[in-house]
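J.: 3D model of this:
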Amino acid sequence: MNDNSDNESRLVRAGLVPYIVRWSGERPVRTPVVTKGRSGIGYPNERPGDRDERGVLWSRYVHAPGEGVPEFGGVHPYRQRHAMRHLLCQVCGEPADRDDRGVLWLVGDAGRGWSDEDVTGHPPVCLRCAGTARRACPYLRSRGALALRVRNAPLAGVSGTLYEPRGRSLVCLGPATLAYDDPRVRYLKAAQLMRALRDWTVVDLDRQTT
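T.: Alright, predicted model coming up:
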């Protein structure tokens, strides 16, 4: 067993599966994407919750946390969106840690640092769960975790699958991350909500106290 699998097995045994992680029983709902004229794309029969408050279409997934085995490399669109909107900890789903320097965030690429032009799809964390997030998230494990206290984290856009209308049909262009003010966003089927992290301070996570 490799180190990643061993870490994940320990987390499962300890009951420390992050809130936003997708389980194997939570599969995508196979609903066709159709053109909706000037509104972009949509589903033939849309339901409440299919679009966010900006009108962007979201991926439909079965919601069954705990069913099957956790897939640590993926996130559930609904829980990721909920945690990002309400600044909840990505591990336990409770409010993220906040002090006078801002909300606590862990971002990847510790060696590169962080720029105000960057955006993240990783929700914040609470202090109690910060260590778990570093161990459980494949992205943070592979690139190193940079801890930030953030005072300003506006919603910046969405990440998902982009389509393009061609005649009366749609062509899938693949993954894309778009700002909300990008006109192409109406042709995006979103899977993650993104925030920009601004007015931040780098902190030593090991010196933070609960």
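
J.: need the contact list for the residue nearest the centre of the chain.
T.: Centrality entry for the chain: nearest residue to the mean C-alpha point is residue 121, 3.9 Å, by CA atoms, centre = their mean. Shown in contact with residue 121 (CB atoms under 8 Å, 6 or more residues apart in numbering): 75, 80, 84, 159, 192-194. In this view, the C-beta of every residue, glycine as well, is placed from N, C-alpha and C.

J.: And those, which is closest to residue 25?
T.: Comparing these against residue 25 with CB to CB picks out residue 75 as the nearest, at 14.9 Å.

J.: Quick check: closest non-adjacent residue to the closest one.
T.: Using CB to CB, 6 or more residues apart in numbering and skipping residues adjacent in sequence, the residue nearest residue 75 is residue 20, 4.6 Å away.

J.: Number of residues surrounding the one you found?
T.: Using other CB atoms under 10 Å, residue 20 is surrounded by 28 other residues.

J.: how much space is there between it and residue 73?
T.: 12 Å (CB to CB, to the nearest Å).

J.: that older thread, quick one, what contacts the residue nearest to residue 75?
T.: When contacts are counted by CB under 8 Å, 6+ apart, residue 20 touches 75-76, 79-80, 83, 90, 123.

J.: Quick one: those residues as a markdown table, columns for pLDDT, neighbour count and distance to residue 205 too.
T.: Output for the contacts of residue 20, formatted as a markdown table (pLDDT from 0 to 100; neighbours: other CB atoms under 10 Å; distance: CB to CB, whole Å):
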| residue | pLDDT | neighbour count | distance to residue 205 |
| --- | --- | --- | --- |
| 75 | 94 | 23 | 21 |
| 76 | 96 | 23 | 25 |
| 79 | 97 | 22 | 23 |
| 80 | 97 | 23 | 22 |
| 83 | 97 | 27 | 19 |
| 90 | 92 | 27 | 15 |
| 123 | 95 | 31 | 16 |
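
J.: So, low pLDDT: which residues of the protein?
T.: Along the chain, segments meeting pLDDT under 70 span 1-15, 109-112, 135-139, 141-143, 208-210.

J.: what about the strands in it?
T.: 21-23, 34-35, 41-42, 57-58, 70-75, 98-99, 102-107, 119-120, 146-152, 155-166, 169-179, 188-196, 198-202 (DSSP state E).
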